[in-house]
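A.B. asks: attaching a predicted model along with its sequence, questions to come.
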Amino acid sequence: MLLLGIETSCDDTAVAIVRNGRDVLANVSTNQDEFHRAYGGIVPEIASRAHLALLSAAIEHTLERAQMTLADCDGIAVTYGPGLIGSLLVGVATAKALAFAARRPLYAVNHLHGHLFAPFLARTEAPPYPFLALLVSGGHTQLVAVDAPMQLRVLGKTRDDAAGEAFDKTARLLGLGFPGGPALDALARDGDARAVAFPRYRPEGDALDFSFSGLKTSVRYFLERPENASVRREDVAASFQAAVVDVLTARVDAAFSRGSFRAVALSGGVAANSLLQQRLRAWAEQRGVEIFIPARAYCTDNAAMIAAAADAQGEAVRVDPLSVAADPNLPFERIGNAA
Ligand code: KG4
Ligand code: ZN
């Protein structure tokens, strides 16, 4: 199946063409960072207006790159939630119009499920079911048991901030620009991770949840104390990053030990973090577990993963182009538009 994917749930205007949920024929993502940078974060109204201005050209560009027309595609896949309502509406309205005009089936994908299928992209070998997925992005931090394309169980999630949000907020405290995750990752490379002992959150009992707000507050208090003024920012960044990665790795280990998973997969923007990749690869090697980490372009929000999820979930996510609606609060459990 050859699918055109569209993803506009947040601030990336993304379009892709994917064959059989694996081969990426074209993947275009127009980053809006320059429009939001002055505000230190994403401004929803600016994001939706930018999607409106960029999406049509992005679709044309994607088709051109893949050297095909809409008529060559077997269907259209679009993110219909969760996300920013104005942003989602632009993608959903466009996908509905294209599906209707080209008489092609429309697949409505849950953005979070999209991330779970990113590890299938552009590689010869796909993760075998059941696998354990760690989804770490700017909006979400979840451990998911992927038993089958439609059998998804959330084993643990964040109780407050998402991992990416913690990176972005801490980066801001360190005076780094927006988005902060990649900048903090780069700064931490020259730092000593043992310089500051920041807290590692541990949930009670056998819960597999996360919490990052206490860590973020610790960094803020640390930086506010005059006696710490001479501590290198590189060391603070490295110490913070190590605390986040320790928690993520410990929780993956605990979840993996309790299930009968055949592999581990990583996705979401924070999956691009160099220390997280290094530590989880080392953990997997030691445990003899196969680990799947998508290329950077498929870790952060992209449309190829939306096409991959639609391919895997198939008829269950096929919707009527006239009645599908964007849902900013779409729950993780929702597959298809069965409202
Ligand atoms: O998946 P994504 O593109 O968007 C959401 O759906 O949220 O994730 C964006 C998040 C941001 O918080 C960004 O700072 C973080 O991923 N991120 C990183 C790195 N690259 C992106 N965090 C840590 N280290 C990185 N290298
Ligand atoms: Zn995302």
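C.D. replies: It's in. Ligands and ions are numbered 1, 2, ... in the order given.

A.B. asks: continuing past the lowest-mean-pLDDT helix or strand in the chain, what's the next helix or strand?
C.D. replies: Ranking every helix and strand in the chain by mean pLDDT, DSSP states H and E puts helix 33-36 at the bottom, with a mean of 80. Using DSSP states H and E, the helix or strand that follows helix 33-36 in sequence is helix 44-65.

A.B. asks: for the stretch 101-250 of the chain, give me the ranges with low pLDDT.
C.D. replies: Within the stretch 101-250 of the chain, no stretch falls below the threshold (pLDDT under 70).

A.B. asks: check contacts around the residue most central in space within the chain.
C.D. replies: By CA atoms, centre = their mean, the chain has its centre lying nearest to Gly268, at 2.6 Å. Listed by CB atoms under 8 Å, 6 or more residues apart in numbering, the contact set of Gly268 reads His115, Leu134, Leu135, Val136, Ser137, His140, Ala163, Gly164, Cys299, Thr300. Yep, even glycine has a C-beta here, placed from its N, CA and C like the rest.

A.B. asks: which residues touch the closest residue to it other than its chain neighbours?
C.D. replies: Nearest residue to Gly268, sequence neighbours excluded (CB to CB, 6 or more residues apart in numbering): Ser137, at 3.4 Å. Going by CB under 8 Å, 6+ apart, Ser137 touches His115, Ala162, Ala163, Gly164, Ser267, Gly268, Gly269, Val270, Thr300, Asp301.

A.B. asks: residues near the fifth one, how many?
C.D. replies: The burial metric for Ser267, expressed as a neighbour count using other CB atoms under 10 Å, is 28.

A.B. asks: just the last one next, same as before
C.D. replies: Number of residues near Asp301 (other CB under 10 Å) recorded here: 28.

A.B. asks: still on that earlier bit, please tell me how far the least confident helix or strand of the chain is from the chain's geometric centre.
C.D. replies: Distance, stretch centre to chain centre, for helix 33-36: 19 Å (CA atoms, centre = their mean, to the nearest Å).

A.B. asks: in it, what's buried?
C.D. replies: Neighbour-count burial for helix 33-36, counted by 16 or more other CB atoms under 10 Å, picks out Phe35, His36.

A.B. asks: stretch 306-326 now?
C.D. replies: Under 16+ other CB under 10 Å, the buried positions of stretch 306-326 are 306-313, 317-319, 321, 324, 326.

A.B. asks: and the helix ranked longest in the chain, what does it pack onto?
C.D. replies: Longest helix in the chain, counting residues (DSSP state H): helix 233-258. Counting contacts by 3 or more CB pairs under 8 Å, 6 or more residues apart in numbering; DSSP states H and E, helix 233-258 packs against strand 131-136, strand 141-148, strand 151-157, helix 163-173, helix 180-188, helix 213-224, helix 274-287.

A.B. asks: can you check what angle separates that helix from strand 141-148?
C.D. replies: 30 degrees (axes from the mean of the first three to the mean of the last three CA atoms, to 10 degrees).

A.B. asks: what mean pLDDT does the next helix or strand after helix 233-258 get?
C.D. replies: Next in sequence after helix 233-258, counting helices and strands by DSSP H and E, comes strand 263-267. Averaging pLDDT along strand 263-267 yields 97.

A.B. asks: what residues sit buried inside stretch 136-149?
C.D. replies: Val136, Ser137, Gly138, Gly139, His140, Thr141, Gln142, Leu143, Val144, Ala145, Val146, Pro149.

A.B. asks: what's the answer for stretch 163-180, then?
C.D. replies: Buried, per 16+ other CB under 10 Å, within stretch 163-180: 163-174, 176, 178-180.

A.B. asks: tell me which of those is nearest to Val252?
C.D. replies: Using CB to CB, Ala163 is the member of the buried residues of stretch 163-180 that sits closest to Val252, with 12.3 Å.

A.B. asks: who are the contact partners of that closest one?
C.D. replies: Per CB under 8 Å, 6+ apart, neighbours of Ala163: Val136, Ser137, Thr141, Phe210, Phe212, Val244, Leu248, Gly268, Val270.

A.B. asks: outline the domain layout of this protein.
C.D. replies: Split into domains by automatic domain parsing, the chain comes to 2-117+298-319, 128-294.

A.B. asks: alright, calling it a day.
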